[in-house]
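Visitor: Any chance you could fold what I've pasted below:
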Amino acid sequence: MSMRPRWEWRLEDESGAVLDRPTSPVFDARYDAEEWLGDHWRALAEQRVRRAVLLNEGAPVPPTIALPAA
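Guide: Below is the predicted model:
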């Protein structure tokens, strides 16, 4: 049985500190992770998220996505 890769977003504030809230769901496919960010970036920006880093099995995958201040 092969395991599917796990994708999730590390959400950071303006200083680059990782935020404990909000949190990202874990996805089986990169496409699903990217679609989730596309659907939720405005709400995340309102919660002080300024950067989103996509992680694949915990390793960063470029590019880092900058979110505008709300």
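
Visitor: For L54, see how far away the residue nearest the centre of the chain is.
Guide: By Cα atoms, centre = their mean, the chain has its centre lying nearest to W9, at 2.3 Å. The gap separating W9 from L54 is 6 Å, by Cβ to Cβ, to the nearest Å. Heads up, the C-betas are built off the backbone N, CA and C, glycines and all.

Visitor: what does A45 give?
Guide: Taking Cβ to Cβ, one finds A45 at 17 Å from L54.

Visitor: which one of those two has more residues nearby?
Guide: Taking other Cβ atoms under 10 Å, A45 and L54 do not tie; L54 has more neighbours (21 against 16).

Visitor: Can you tell me the SS state at that one?
Guide: strand (DSSP: H, G, I helix; E, B strand; the rest coil).

Visitor: ok, it touching R30?
Guide: Yes. Using Cβ atoms under 8 Å, L54 is in contact with R30, at 7.4 Å.

Visitor: Quickly list what's touching both of these two.
Guide: 7, 61 (Cβ atoms under 8 Å, 6 or more residues apart in numbering).

Visitor: Would you agree E8 falls within a strand?
Guide: Yes. With three-state DSSP as the criterion, E8 is part of a strand.

Visitor: for L55, what are its contacts?
Guide: 7-10, 61 are the contacts of L55 under Cβ under 8 Å, 6+ apart.

Visitor: swap the cut-off to 6 Å and go again
Guide: 8, 10 (Cβ atoms under 6 Å, 6 or more residues apart in numbering).

Visitor: I'd like to know how many residues surround R51.
Guide: Count around R51 with other Cβ under 10 Å applied: 18.

Visitor: Make sure it is actually in contact with T64.
Guide: Yes. Under the criterion of Cβ atoms under 6 Å, R51 makes contact with T64 at 5.4 Å.
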